[in-house]
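>>> sequence first, then the predicted structure:
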Amino acid sequence: MSKKRNIPVVDLRDFTQGTPRQRQSFVDELGKAFHEIGFVGVVGHGIPQQLVDKFYDRAQAFFALPEEVKRKYEIEGLAGQRGYTSFGKEHAKHSNVGDLKEFFQIGQEVPQGHPLRKEYPDNVHVAEVPDFVATGIELYWQFEKAGAALLRGIALYLDLPEDYFDDPITYGNSILRAIHYPPITQEPKSAIRAEQHEDINLITLLVGASAGGLQILTKEGEWVDVLPEHDEIVINVGDMLQRLTNDYLKSTTHRVVNPPREEWHIPRLSIPFFLHPRSEMDLSCLPQCVSEDRPLAYSPITAGEYLDERLREIGLKE
């Protein structure tokens with residue numbers, strides 16, 4: 001496996017605070033990375049490290065609770081979209097073996113009286129770690145803000161109005177997920193911490209995990225490590241954005257591998273933010289992404305219909 005820098009890095013401040021030339025350079029670099037690799041590292045994202053550290057601390061406190069306590073927060077009928085999902089329940093689309101992980105999900109907060117309020121279930125608060133979810137909601141808003149700026153850059157790269165994604169992601173169905181990969185105590189039954197998969201959403205924002213293991217599959221069919229630097233977040237294209245762009249932007253296969261046997265005792269915690277639009281967003285392929293060389297690959301579908309289909313495929317929905 002290669003240990004070198006395998007994804008490019010961009011500075012979001014070049015886009016949010018830069019000169020017209022810096023902004024254009026950022027748009028070009030981000031678009032090139034999403035087209036060729038599907039992954040990019042981002043610095044200057046504005047997400048406070050202190051808030052990230054606080055949420056890691058609270059998430060660790062939650063996952064350290066006894067199993068029977070954590071299961072109180074696994075709410076039937078929510079397809080894992082809020083609260084706790086127990087170890088081994090989720091699997092990759094093309095696998096029947098559960099991943100070696102448990103997780104907790106925090107979703108969109110919509111004001112009382114808003115028309116979308118009934119679409120989103122309430123977040124599940126944890127009595128034993130009182131500020132766990134409140135801290136997660138703060139972090140959620142920071143991720144939303146950074147993600148919106150990145151999507152503005154992608155809109156310009158696709159020759160769309162800069163604000164193309166602004167409305168569809170306002171009160172969108174985004175998810176903040178705290179994933180815990182416990183120590184490996186016995187030989188796994190063919191499963192790894194997270195089997196190879198692609199993400200469902202528009203883009204994913206991932207703050208540095210507490211241990212390594214993230215790998216992406218290159219065009220050449222080689223698995224390479226993604227090792228972000230301190231204060232760098234890793235961004236990748238999800239299937240919704242790939243579909244919208246008729247495969248022009250690349251939703252890259254990735255996985256989380258098990259550590260070497262001598263490190264099996266080390267748990268891993270990671271915090272991805274899956275940026276989703278509202279359910280009614282039309283994911284029909286953009287006309288400028290369809291050509292003789294790139295014929296239409298997908299039939300029309302809404303974001304909500306697509307999400308529902310994929311949650312069934314990965315075992316979170318009946």
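Cool, the structure landed.
>>> if I look at the nearest residue to Thr252 once chain neighbours are set aside, what pLDDT would I see?
The shortest distance from Thr252 to any non-neighbouring residue, by CB to CB, 6 or more residues apart in numbering, is to Gly38 (3.3 Å). C-beta coordinates here come from the backbone N, C-alpha and C atoms, glycine included. At Gly38, the model reports a pLDDT of 95.
>>> I'd like the distance from the least confident helix or strand in the chain by mean pLDDT to the chain centre, please.
Lowest by mean pLDDT, DSSP states H and E among the helices and strands of the chain is strand 194-197, with a mean of 73. Relative to the chain's own centre, strand 194-197 is displaced by 13 Å; criterion: CA atoms, centre = their mean, to the nearest Å.
>>> next structured bit after that strand?
strand 203-207 (DSSP states H and E).
>>> strands of the stretch 1-150 of the chain, start to end?
9-11, 39-43, 83-85, 102-107 (DSSP state E, counting those that start in this stretch).
>>> in a markdown table, list those along with mean neighbour count.
What follows is those, written out as a markdown table (neighbours: other CB atoms under 10 Å):
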| stretch | mean neighbour count |
| --- | --- |
| strand 9-11 | 19 |
| strand 39-43 | 21 |
| strand 83-85 | 24 |
| strand 102-107 | 24 |
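>>> so which of those strands is nearest His230?
strand 39-43 (9.5 Å; CB to CB).
>>> which strands and helices lie in contact with the closest one?
Packed against strand 39-43, as judged by 3 or more CB pairs under 8 Å, 6 or more residues apart in numbering; DSSP states H and E, are the following elements: strand 9-11, helix 20-36, strand 233-237.
>>> and the second one with strand 233-237, angle?
Same thing as helix 20-36. 60 degrees (axes from the mean of the first three to the mean of the last three CA atoms, to 10 degrees).
>>> give me the buried positions along helix 20-36.
By neighbour count with 16 or more other CB atoms under 10 Å, helix 20-36 contains the buried residues Arg23, Gln24, Ser25, Phe26, Val27, Glu29, Leu30, Gly31, Ala33, Phe34.
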